[in-house]
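**Q** below is the sequence, then the predicted model.
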Amino acid sequence: MSSTINFGIDLGTTNSLIGKYTNGQVEVFRNPSGMKETLPSVVAFRKERILVGDKAKEYLERDANNVFGGFKRKMGTDENYFVPNIEETKSPISFSSIVLQELKNFVYTGEVPESVVITIPASFNTIQSNATKEAGYLAGFKEVVLLQEPIAASLAFANKLKEEEIVGNRLVYDLGGGTFDVAIVKIDHEELKVVDHEGDNFLGGMDFDQLIVTKIIVPYLESQFQINDLIPKMQSASGIYNKLYYKLLYKAEEAKIMLSSKESVEIEFEFEDQKDESHEIIFTIHRHQFEDIIKEKIIYSIEFIKNLLERNQLSSKDINEVVLVGGSTYIPFIRNLIQEQLEINVNCSVDPTTAVVIGAAYYAGSKTKQLPTNVEENSKIKTVSPSVENLKVKMAYQKNSREKEEYFTAIIENTKPGMTYRILRDDGGYDSGTKPLKERISEMLILLPHTLNLFILKIYNSQQQQIAVEIPEIAIVQGNFSIYGQPLPDDICLEVDDVENTTTKLELIFEKNAILPIKKTITKTLSRSISKSSEEQLLINILEGSRYAAPTSNLSIGMIAIRGRDLHTNLIKGSDIELCIEISESRDIIVIAYINMIDQEFKQVFSPSARSVNVTRLKEEIDYLSRTTNKQLDIMIKKDQFEEAAVLKRITEDLRNIQMDLSQISEDDTTDMKYQIDDKKRKLATLIDKGTGDERLIMLKEDYYQMKSHCFHFVENEGFESHRLRFDNIVANESDWINDKGGKNFIKRKTEELNKLSWEIKRRNLNYVIYVYTHYALKSEEEYSNPERFKMLKERGDQALQRKNIDEILSLVSQMHELLIDKGKDEHMKGTGLS
Ligand code: ADP
Ligand code: MG
């Protein structure tokens, strides 16, 4: 018999919580020591034992080097922490698993949860999501289901609404300790959907604590005791006031929390001046002082929302209310400012600290466990009669329902006369009675409120013997909203070769905000031949990030390399390859590549936090980056742009270093070195993009405008109406994208499209074709790799010229181009082999 997961966990950057769903209610468990619902996500290592939560936080003052917090921000990276007290390196995953284990101790009922729902920020990428799952498994859970935080918060909120208030759009504003997230959530009677979201990983309550210390307390101490540069003396690990800094942050947080309900608050602490004299400091902070120092950050968060709304063509009027989530939204100033600036009602009905865990538990209460259970034996159908051949049952019903009864229907294939069926609820409270079996049956099933309802469909033969046929249970959870899937936080793309094969570009497969699970099959063409048993490779590289960015700055989340030696037969340029890409709700990625011509299939499942990095490919990418960056550097120096050049110089040095590191490792290296190098490469690629961004944008824009006027000329003078329409289409909304630094590849693509269009017009013009041909024909033989063949092509070309056969001339031109030794080769990268 299946049952629901019921346990939900909010694994927060600052605080974590655990709750459980039972019959329509959620209980948030309390820490057995201290009886608080929140467990600070902080871990401390003493020589002999590990501290978690408040105790770990208190230990900060004594031994900050052995206390770790904020590690959620590092999930899915290779960054590790060295713990001096135990002389060991720990990963963010292992810290998170310690927090999760501690949360298990909150469950006083004696149950040991095996399946659990854990929340993640909507912006978590595949690797970060999988890292969270891994932390769950490490903590001993056998099944981990992920749920995005804004959905969780909305569930907590939606379940409180009166029926008539439900329908509408909401903004979920989540300001926690270290992160800020905002989501637009659409709710209708049964379903809840995240329309769009945006986040900033570096804005939260911790910033406010720091501001209190640096903008209020420090200036006071500096003036009172004539000290300069107190901040560096506090913030550096070796600074004399480092310990005091942590103490003050702690005090600042306490004060900040008090200021949410009081107009002023006193801070008391001991201060040793530079002559080692001790002073008792008593200090008053007023609410308006605090508001002044955080105002800028809050305005920033509101601007953020305005952009999000604009991007979705929504105005304040389209949003019913703002739902506040996260501890920092207790601050009254924030509530007021949001209401005032956005002119949207602020809803304070949910508790900002527990909203996410409550929603997680609701969701857990609607999700059936997928774990195999021991009782399965009992529920197996007792074979009363021999099984009936080909009897097939297809069922359809809503797994979550807010109604008292739910419509159920099934299609039965290969029924025989005299057969009957009966549907029973497992508590015996509902029985459909025995009815004749038809090709299609339907029933209204009566549901018990706020719980998982299990029904069994039984089929009998004409002798009233139950037939042995596999029929899954009918599982319906009453009282919950169903979730309209979870949206993808970023675009998912395939890397393909650029038209001229000088580099690679991204092709969109799934768009940001598409709903998981998702699946798509696309057909690509091979851009080069690969001979069997050669070392050549074909790369299927699936990347996550922005479709407009360069492939090197995106994250590779699944890569299959098909090598020559993997092939049965040679692969010929131009043959088709069918790619099926699938992402499950819990972010596993399945890639199947099928090559028609040789009837061979390659399949790979990319599971938990594993990353795939291909060393050969990485070498190529870094070499390419290095070449282009050096070139850029030369240009900058020539133009006397020394400041920018200095930045780029440093990048080229870093590139050289990782080139060296990479040369030390082999393709089948088992350490995580290649991941580290890949991370560094991505960071450098992004820096290069930024460092040369303006310069590149200007160049790309120049190219674009030039191509545009060139193309326009041909469209005007020689084009058809259809050409004109295409031209208008390409340049449509130009002002929206032409200045977008992030959209450089987009501008490049537009330029290419214009180029293609002009070429299509030009190639109908014999004079132009002759002009192009002459350009190639007049080159000297030495410029071609095969002079004999070149001569032959030229002979044929001269004849074609007399016949004025445009197509033939063009075909010869392209063959000549292939023979050219110098096609600007130093710019080339081997690419993926897909076009
Ligand atoms: P996270 O989602 O990052 O784990 P929370 O939502 O629990 O974090 O928010 C924690 C932050 O909220 C901390 O910075 C804490 O100081 C702040 N906070 C908690 N209560 C209050 C309050 N009453 N007033 C102001 N800030 C608060
Ligand atoms: Mg949170």
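**A** In hand now; what should we look at? Ligands and ions are numbered 1, 2, ... in the order given.
**Q** going forward, measure contacts between C-alpha atoms and count neighbours the same way
**A** Fine.
**Q** pull out the buried positions in the helix or strand containing residue 702.
**A** Take DSSP states H and E as the rule and residue 702 turns out to sit in helix 693-718. Across helix 693-718, burial judged by 16 or more other CA atoms under 10 Å covers 693, 696-698, 700-701, 704, 707-708, 711-712, 714-715.
**Q** just the element for the residue lying closest to residue 651 once chain neighbours are set aside, please.
**A** Among residues not flanking residue 651 along the chain, residue 684 sits closest, at 6.7 Å (CA to CA, 6 or more residues apart in numbering). Using DSSP H and E, residue 684 falls within helix 673-691.
**Q** average pLDDT for that helix?
**A** In this model, helix 673-691 has a mean pLDDT of 76.
**Q** write out the residues of this protein neighbouring ligand 1.
**A** Residues of the chain lying near ligand 1 by CA under 6 Å from any ligand atom: 12-15, 176-179, 205-206, 253, 256-257, 260, 326-328, 330-331, 353.
**Q** just checking, which of the residues you listed belong to helices?
**A** 205-206, 253, 256-257 (DSSP state H).
**Q** about what we covered before: hang on, the residue nearest to residue 651 packs against residue 649?
**A** No. Using CA atoms under 8 Å, residue 684 is not in contact with residue 649, being 11.8 Å away.
**Q** those two: which is more packed in?
**A** Shown here are residue 684 and residue 649; by other CA atoms under 10 Å, residue 684 has more neighbours (22 against 16).
**Q** low pLDDT regions in the stretch 701-835 of the chain?
**A** 741-743, 823-833, 835 (pLDDT under 70).
**Q** quick one, helices of it?
**A** 721-731, 734-737, 744-762, 766-777, 787-803, 806-819 (DSSP state H, counting those that start in this stretch).
**Q** tell me which helix or strand comes right after the helix or strand of the chain with the lowest mean pLDDT.
**A** Using mean pLDDT, DSSP states H and E, the weakest-scoring helix or strand in the chain turns out to be helix 376-379, at a mean of 40. Per DSSP H and E, helix 376-379 leads on to strand 392-396 as the next helix or strand towards the C-terminus.
**Q** now that next one: average pLDDT?
**A** Across strand 392-396, the average pLDDT comes to 90.
**Q** can you count the residues close to residue 140?
**A** 17.
**Q** wait, it sits on residue 114?
**A** Yes. Using CA under 8 Å, residue 140 is in contact with residue 114, at 7.5 Å.
**Q** re earlier: which neighbours do residue 684 and residue 649 have in common?
**A** None of the residues lies in contact with both residue 684 and residue 649 under the rule CA atoms under 8 Å, 6 or more residues apart in numbering.
**Q** ranges for the helices of the stretch 101-250 of the chain?
**A** Using DSSP H, counting those that start in this stretch, helices in the stretch 101-250 of the chain cover 126-138, 149-158, 205-211, 218-225, 230-235, 242-259.
**Q** which one of the ones you listed lies nearest to residue 533?
**A** Taking CA to CA, helix 126-138 is the member of the helices of the stretch 101-250 of the chain nearest to residue 533, at 33.2 Å.
**Q** report all helices and strands that that closest one contacts.
**A** The contact analysis (3 or more CA pairs under 8 Å, 6 or more residues apart in numbering; DSSP states H and E) places helix 126-138 against helix 92-104, strand 143-148.
**Q** run through who's touching the last one.
**A** Counting by CA under 8 Å, 6+ apart, strand 143-148 makes contact with 114-122, 129, 133, 136-137, 360, 369-371, 486, 586, all of which sit outside it.
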